[in-house]
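S.K.: the following block contains a protein sequence and its predicted model.
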Amino acid sequence: QVFPSQDPLDRADFNAVEYINALFPTEQSLANIDEVVNKIRLKIRRLDDNIRTVVRGQTNVGQDGRQALEEAQKAIQQLFGKIKDIKDKAEKSEQMVKEITRDIKQLDHAKRHLTTSITTLNHLHMLAGGVDSLEAMTRRRQYGEVANLLQGVVNVLEHFNKYMGIPQIRQLSERVKAAQNELGQQILADFEEAFPSQGTKRTGGPSNVLRDACLVANVLDPRIKQEIIKKFIKQHLSEYLVLFQENQDVAWLDKIDRRYAWIKRQLVDYEEKYGRMFPGEWCMTERIAVEFCHVTRAELSKIMRTRAKEIEVKLLLFAIQRTTNFEGLLAKRFSGCTLADGTVKKPEVPPPSTNPFLEDETGAETDEIVMEKSDTDKPKKPKVPDNPFHGIVSKCFEPHLYVYIESQDKNLGELIDRFVADFKAQGPPKPNVDEGGAVLPSCADLFVYYKKCMVQCSQLSTGEPMIALTTIFQKYLREYAWKILSGNLPKTTSSSGGLTITSLLKEKEGSEVAKFTLEELCLICSILSTAEYCLATTQQLEEKLKEKVDASLMERINLTGEMDTFSVVISNSIQLLVQDLDAACDPALTAMSKMQWQNVEHVGDQSPYVTSVILHIKQNVPIIRDNLASTRKYFTQFCIKFANSFIPKFINHLFKCKPISMVGAEQLLLDTHSLKMVLLDLPSIGSQVVRKAPASYTKIVVKGMTRAEMILKVVMAPHEPPVVFVDNYIKLLSDCSTDTFQKILDMKGLKRSEQSSMLDLFRLRLPAPPPGGDSAGSLSLSAPTPEQESSRIRKLEKLIKKRL
């Protein structure tokens, strides 16, 4: 490992035999044996020389090692001695430095103590003189000098906090506190004298003394400042409380403008008379306005509780509008800094508005809701989201917004009644195939009114009133769906008891169903398009309501039930269209089942019943497609539902065609293929623009009509030998139902004895069910019977309804 080598002789698993065989692989190579032996001997001699040299070189190694160890020990002893000498010298040096600096430290301490003493004596002198001057100036009411001196005395006194154990210092501190208390009481008395709280007339006014007193109050206990502010504002608003008492005529909501006009005049008067008396950082103008707002909110709440029966919606909205305008004016004039302190509680800031219909609000007509004159003053933009004064007065109106909600309930009820009357008067919309199915105009009017109400209510409140308005919206969305949409769907003779999924899908053999006219088809398509528009717009309405309402109430807004209602209208409309076309094809299918197919002698063109079915499809489908051009997905649903209804019915009628001759079966197969091609082309039939049918629809048609073709092919097959016939049936139809097989035998016209033996053979030839599975599992893999198809149609109806 230390000296890696490639020589085979150095390997740990050296094998002499292998090594010799490697040197002499053949007999001819033995001719060089002498040369190889000489090389090996030469190598041996070299190794011996190397070993000898190494052994001799190691003769004196032990002695040299001991000598080197002794020298190292001596060097270590010498190094240790030098380190000890250095340590001793360092200790002596440190001791010498301490002796030198001992006196210097004493001098430093003395200097620091002396400086502190001199500073403290100076502060004490200043404090003593300041206290004397403060007491003298207080007696002379020299507030201008007191303001500067008091702050200095207080700052100096802070230096003596740790000396309060000294009686003289404690005495000075008590004198300062006494002076502060005396100043506070004296300043309050001066303000009481200048602005008496009792009496009807102000005897005093602004003066330099009071202005300086306010500066002193800034230095005193904050309670003195708050007391001054409170008394001044109370005295300033005393006239307001008298003028707008509850029993006064101007106190009612119709004259609410006078309240705000009064405070505007008072603020202007304050700025002129007292603006310079109070320091600017006191924000007295804003404080007066804020206190006015709180007093006004309390007064309005009290008077509205007393006269609640007199509140009308126009009056309420008028008062709210004027109040919100005033709050907006306060936001422009003041910063709201006084709302953050302990004097006034800051109202909640409303969430930012994301209303997408604000532009529409500018031109909206609100004559039915607010006064004609007040409408022109209505702000066209939402309140600033960061308005600190929002709700400071207008919150008092929130308990009475039920008046507004009741008004909207009444207005919407009248609007729905007007829609019903207009529809009856004007009749169904005129068919307009070129433009597609039109949405009923009343739908757009309803949602425009909803948007207007939502924006207006969100400006009034974002709390419980919005939830109440949402409940009203839900009520009239349902009424619109049933009265305007479902109520105007054409009625059919087979569903006079009401439109349900079951009744629409129920077959009535031989019954004549009145076919819808062109106007009725267009009306159904128009109602379907309107319901689809309502469904999408209701979802948007729910989102916007959640944006407007408080975050804590968002979960209570849910319009899913109303959207389901519109989905039911859509489903019923599609079912009516399917039923109409399906019923139109019934006579042709009945004619098919009554034909004598055993007497058909030759195969010709498609049968008359096929031509009749195609004619009805070409009459109805283009009208429906053009009127549902804006809602292609529902036209696709119509096609799918019709295919799911028509194909099983066609197969049922096919089973009734018995007996059938070979030629008759061939004619039926040709007719089936023709119907299959027409159904595949159903979505674009009669259209100049050919579109590929949806894959989901194509799959249903191919599967159903292929089953019909397979039935006819089985009928055409010879029943002899029976085993081949049964196996061919199982192969083509993969249907393990004995009922279907029985119907095939009836179509072939076999006798009962022959059918019995065929059925026994069929049961024997049925494939065994998979291990662990039941017969139901094997039947689920087979092609569905007509009964199963009908069940699947009902399930599909439920699934589509749920998804919508």
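M.R.: Sure thing, it's come through. In this text the structure is predicted, and so the values were computed from the model without any measurement.
S.K.: element containing the closest residue to residue 250 other than its chain neighbours?
M.R.: Of all residues not flanking residue 250 in the chain, residue 258 sits nearest, at 5.2 Å (Cβ to Cβ, 6 or more residues apart in numbering). Where C-beta positions appear, they are placed from N, C-alpha and C, glycine not excepted. Secondary structure from DSSP states H and E places residue 258 in helix 256-274.
S.K.: does anything pack onto that helix? Which helices or strands?
M.R.: The criterion is 3 or more Cβ pairs under 8 Å, 6 or more residues apart in numbering; DSSP states H and E, and the helices and strands that helix 256-274 contacts are helix 238-243, helix 284-306, helix 313-333.
S.K.: can you rerun that using 10 Å?
M.R.: Taking 3 or more Cβ pairs under 10 Å, 6 or more residues apart in numbering; DSSP states H and E as contact, the helices and strands that helix 256-274 lies on are helix 222-236, helix 238-243, helix 284-306, helix 313-333.
S.K.: look up phi and psi at residue 490.
M.R.: Main-chain dihedrals, residue 490, degrees, to the nearest 10: phi -60, psi 140.
S.K.: any regions of the stretch 401-550 of the chain where pLDDT drops low?
M.R.: Within the stretch 401-550 of the chain, the set of residues satisfying pLDDT under 70 comprises 427-437, 492-514.
S.K.: if we go to 90?
M.R.: For the stretch 401-550 of the chain, the stretches with pLDDT under 90 are 401-411, 419-444, 446, 449-469, 483-484, 486-523, 546-550.
S.K.: pretty sure the residue nearest to residue 250 sits against residue 251.
M.R.: Yes. When contacts are counted by Cβ atoms under 10 Å, residue 258 is listed as touching residue 251 (9.1 Å).
S.K.: is it correct that residue 326 is in contact with residue 297?
M.R.: No. Under the criterion of Cβ under 10 Å, residue 326 makes no contact with residue 297, lying 11.7 Å away.
S.K.: the one residue sitting closest to the centre of the chain and residue 560, how far apart?
M.R.: Nearest to the geometric centre of the chain sits residue 543, at 8.4 Å (Cα atoms, centre = their mean). Distance, residue 543 to residue 560, by Cβ to Cβ, to the nearest Å: 13 Å.
S.K.: what of residue 314?
M.R.: Residue 314 sits 35 Å away from residue 560, taking Cβ to Cβ as the criterion.
S.K.: between those two, who's got more neighbours?
M.R.: Taking neighbours as other Cβ atoms under 10 Å, residue 314 and residue 560 compare with residue 314 leading, 17 against 10.
S.K.: so how far is residue 176 from the more buried one?
M.R.: Distance from residue 314 to residue 176, counting by Cβ to Cβ: 63 Å.
S.K.: show me whatever sits in contact with both of residue 326 and residue 297.
M.R.: Shared contacts of residue 326 and residue 297 (Cβ atoms under 10 Å, 6 or more residues apart in numbering): 392, 393, 394.
S.K.: my guess is the second one meets residue 291, correct?
M.R.: No. Taking contact to mean Cβ under 10 Å, the distance of 11.7 Å between residue 393 and residue 291 leaves them out of contact.
S.K.: more neighbours: which of these two?
M.R.: The neighbour count for residue 393 versus residue 291, taken as other Cβ under 10 Å, is higher for residue 393 (28 against 20).
S.K.: over to that one: give its phi and psi.
M.R.: When read as degrees, to the nearest 10, the backbone of residue 393 gives phi -110, psi -40.
S.K.: so who does it touch?
M.R.: For residue 393, the residues meeting the contact criterion (Cβ under 10 Å, 6+ apart) are 256, 259-260, 292-298, 300, 319-320, 322-324, 326-327, 330, 347.
S.K.: now with 7 Å?
M.R.: Neighbouring residues of residue 393 by Cβ atoms under 7 Å, 6 or more residues apart in numbering: 293, 296, 297, 323, 326, 327.
S.K.: find the nearest non-adjacent residue to the last one, please.
M.R.: Spelled out, it's residue 327. residue 389 (4.6 Å).
S.K.: how about the contacts made by the one you found?
M.R.: Under the criterion of Cβ under 7 Å, 6+ apart, the neighbours of residue 389 are 327, 330, 331, 336.
S.K.: dump the residues you listed to TSV, plus pLDDT and neighbour count.
M.R.: Converted to TSV, these look like this (pLDDT from 0 to 100; neighbours: other Cβ atoms under 10 Å):
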residue	pLDDT	neighbour count
327	84	21
330	86	22
331	84	18
336	76	20
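S.K.: which one of those is nearest to residue 60?
M.R.: Taking Cβ to Cβ as the measure, residue 60 lies nearest residue 336 of the contacts of residue 389, at 101.7 Å.
S.K.: tell me both backbone torsions, phi and psi, for that closest one.
M.R.: Comment: the main-chain dihedrals of residue 336 come out as phi 80, psi 20, following degrees, to the nearest 10.
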